[in-house]
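>>> The sequence and its predicted three-dimensional model are supplied below.
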Amino acid sequence: MIVARSPFRISFAGGGSDIPVYYRRFGGAVVSTTIDKYMYLVIHPYFNPKIRVKYSRLEDVERIEDIQHPIVRECLIRHRIPKGMEIASFADVPAGTGLGSSSAFTVGLLHALEAYCGRSASAAALAAAACDVELNKLGEPIGKQDQYASAFGGLNYIQFNPDDSVDVQPIAIKPDILQELERRLMMFHIGQERSAAAILSEQSANMNDPGKTARVDRMVQLASEFRRALEASQLGECGPLLHENWTLKRELADGVSSELVDQIYREALDSGASGGKLLGAGTGGFLLLYCEPELQEKVRSRLKGLREMPFRFSDAGSQVIFSGDDGLEGLTPAGMRQCS
C-alpha cells in the first residue's frame, strides 16, 4: 500500500500571473505558502483484475480509458500501470474552496504512482508532470502556482518564466517573524464552493485588454513587495499589500467577487483587519484576513456567522508517508509493477 500526502496552499500576492496567456508574454510571480491541511492519496492492491477509484463517487472499470475522473485517468495513462489497483482520496478541506485542492490531488496521485512503481520523484518533476496533466492533457484553464506550491512546500516566491520554466525561491524570513505572520492571519469559510474554470477562462480571455493586463502587472510587483516586506521583517506592510492585491484581482473577471463577499470583507476591515483576499479564483471558499492579534476577537465577533478554520504553516511539500508491500503478492496480476 502507498499513501501520499500533498499540502494545500494559501497565496498572498501575484495570483493570476501564473496563467500561460500572461506569463508567456510578461513573466509572472506569486508569493504563497503551504499549510497543515492536506490531500491524501492511497493506492492499494485490488482483489479483482480491475481498477477501482474512490472519491465522491465509486468507479469500478476494466480499462484505464473508461475512468470518468479525468485526473485519475490521465495520470494512469501516463504511467500505464496494469489492472488490479484501488485508488482512494481523502482531504482535510472540501474541493472548490480556493486552497489548490485539485492540483494537490494531481501532485499526490503522481507521487503515489511513482512510489508504486518503485521510483522516487523530485518536487520539480512532480510539479511539471502535474502541470502537463492539468494544463496540456486536460486543457484546464488554470495556472501553475498550485502544482509547484504543493510539490515543493513552504513559503516561496515562485517565478513563471516566458519559456515555461518555473523558479521556486524560498523566502528568507526569520523564524520568529514567520511565527508572527502566522499569528496575524485568519481564515473564514464563506461557502459557495465553485469550479474555478469559468472565472479563469474569462480572466485568460481578458489578458487581451491592456487595462486588465496592467492590473496583473501591478499584482506581480506586489508579489515582489510582499517578499521584500517579509525578508525585512516589516509585517505591518502585509495587510495593505493584501488589500491592494485583492482590489486589483476583483477587477480581472466577472464573478471574482460578489455582493456577499464584498460585504463580509468590509465588515472585517471595519472590525480591525488591515487587508485580505478571497483565496483561489474567486466567488467563494475561504477568505484570508490579516489582522493584529489584539483585534482578532472583534473580527471573530463581527463574522460570527462564518466558520473560522485555524491553520499553521507547513514547510513540507508532497510526501510518501507510507509504503509497504504487505498483501501485494497473490492479490495482483503478475508483473503489476511493470510501469512505463
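Arrived safely. Numbers count the residues shown, from 1 in each chain.
>>> per-residue pLDDT, residue 47?
If you check residue 47, the pLDDT there is 89.
>>> hang on, it in a strand?
No - read with DSSP: H, G, I helix; E, B strand; the rest coil, residue 47 is coil and lies in no strand.
>>> Buried residues in the worst-scoring helix or strand of the chain on mean pLDDT, which are they?
Using mean pLDDT, DSSP states H and E, the weakest-scoring helix or strand in the chain turns out to be helix 197-205, at a mean of 76. For helix 197-205, a neighbour-count test (16 or more other CB atoms under 10 Å) marks 199-204 as buried. The way it works is simple: take the backbone N, C-alpha and C, and place the C-beta from them, glycine included.
>>> Stretch 202-220 now?
Buried residues in stretch 202-220 (16+ other CB under 10 Å): 202-204, 206-207, 212-213, 215-220.
>>> chain center to it: distance?
Computed by CA atoms, centre = their mean, to the nearest Å, the chain-centroid distance of stretch 202-220 equals 21 Å.
>>> mind listing what residue 300 touches?
Counting by CB atoms under 8 Å, 6 or more residues apart in numbering, residue 300 touches 186, 308.
>>> in the helix or strand hosting it, what counts as buried?
Counting by DSSP states H and E, the element that carries residue 300 is helix 296-302. Neighbour-count burial for helix 296-302 flags 296, 299, 302 (criterion: 16+ other CB under 10 Å).
>>> Residue 185 is in contact with the second one, correct?
No - because the distance of 11.5 Å does not satisfy CB atoms under 8 Å, residue 299 is recorded as not touching residue 185.
>>> Go ahead and flag the most central residue of the protein.
In the chain, the residue lying closest to the centroid (CA atoms, centre = their mean) is residue 100, at 2.3 Å.
>>> And that one, how close does it get to residue 151?
According to CB to CB, to the nearest Å, residue 100 stands 11 Å off from residue 151.
>>> again with residue 257
29 Å.
>>> One more: residue 26?
Here residue 26 is placed at a distance of 24 Å from residue 151 (CB to CB).
>>> Could you check which of the two has the larger neighbour count?
Taking other CB atoms under 10 Å, residue 26 and residue 151 do not tie; residue 151 has more neighbours (31 against 14).
>>> Now name the helix or strand holding the more buried one.
Element membership of residue 151, judged by DSSP H and E, is helix 145-152.
>>> mean confidence for that helix?
98.
>>> Mind giving me the packing neighbours of it?
In terms of contacts (3 or more CB pairs under 8 Å, 6 or more residues apart in numbering; DSSP states H and E), helix 145-152 is packed against strand 2-13, strand 28-45, helix 101-116, helix 123-131, strand 155-160, strand 166-170.
>>> Nearest to residue 92 among those would be which one?
strand 28-45 (4.2 Å; CB to CB).
>>> now the closest one against strand 155-160, angle please.
If you take axes from the mean of the first three to the mean of the last three CA atoms, to 10 degrees, strand 28-45 sits at 100 degrees to strand 155-160.
>>> and strand 28-45, how far out from the chain's middle?
The chain centre lies 6 Å from the centre of strand 28-45; the measure is CA atoms, centre = their mean.
>>> Just checking: what are the partner strands of it?
Next to strand 28-45 in the sheet, as set by DSSP bridges, lie strand 2-13 (antiparallel), strand 85-91 (antiparallel), strand 155-160 (antiparallel), strand 313-314 (antiparallel).
>>> any chance of those strands in JSON lines, with distance to residue 68 and mean pLDDT too?
Shown next, in JSON lines, are the strands paired with strand 28-45 (distance: least, CB to CB, whole Å; pLDDT from 0 to 100):
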{"stretch": "strand 2-13", "distance to residue 68": "22", "mean pLDDT": "97"}
{"stretch": "strand 85-91", "distance to residue 68": "13", "mean pLDDT": "96"}
{"stretch": "strand 155-160", "distance to residue 68": "31", "mean pLDDT": "98"}
{"stretch": "strand 313-314", "distance to residue 68": "31", "mean pLDDT": "97"}
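>>> so of those, which one's packed in deepest?
By mean neighbour count, with neighbours taken as mean count of other CB atoms under 10 Å, strand 2-13 ranks first of these at a mean of 26.
>>> Buried residues in the next helix or strand after that one, which are they?
Going down the chain from strand 2-13, the next helix or strand is helix 20-26, by DSSP H and E. Buried residues in helix 20-26, counted by 16+ other CB under 10 Å: 20, 22-23.
>>> for those residues, which one is nearest residue 267?
Among these, and counting by CB to CB, the member closest to residue 267 is residue 22, at 32.2 Å.
>>> SS state for residue 94?
Here residue 94 is recorded as coil under three-state DSSP.
>>> For residue 8, see how far away it is.
Counting by CB to CB, the separation of residue 94 from residue 8 is 11 Å.
>>> What ranges does the stretch 151-300 of the chain have for its strands?
For the stretch 151-300 of the chain, the strands defined by DSSP state E, counting those that start in this stretch cover 155-160, 166-170, 185-191, 275-278, 285-290.
>>> would you turn the buried residues of helix 296-302 into TSV with pLDDT and distance to residue 314?
Shown next, in TSV, are those (pLDDT from 0 to 100; distance: CB to CB, whole Å):
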residue	pLDDT	distance to residue 314
296	98	21
299	98	24
302	97	29
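>>> Provide a list of residue ranges in the stretch 201-340 of the chain with pLDDT below threshold.
The stretch 201-340 of the chain contains residues with pLDDT under 70 at 281-283, 325-338, 340.
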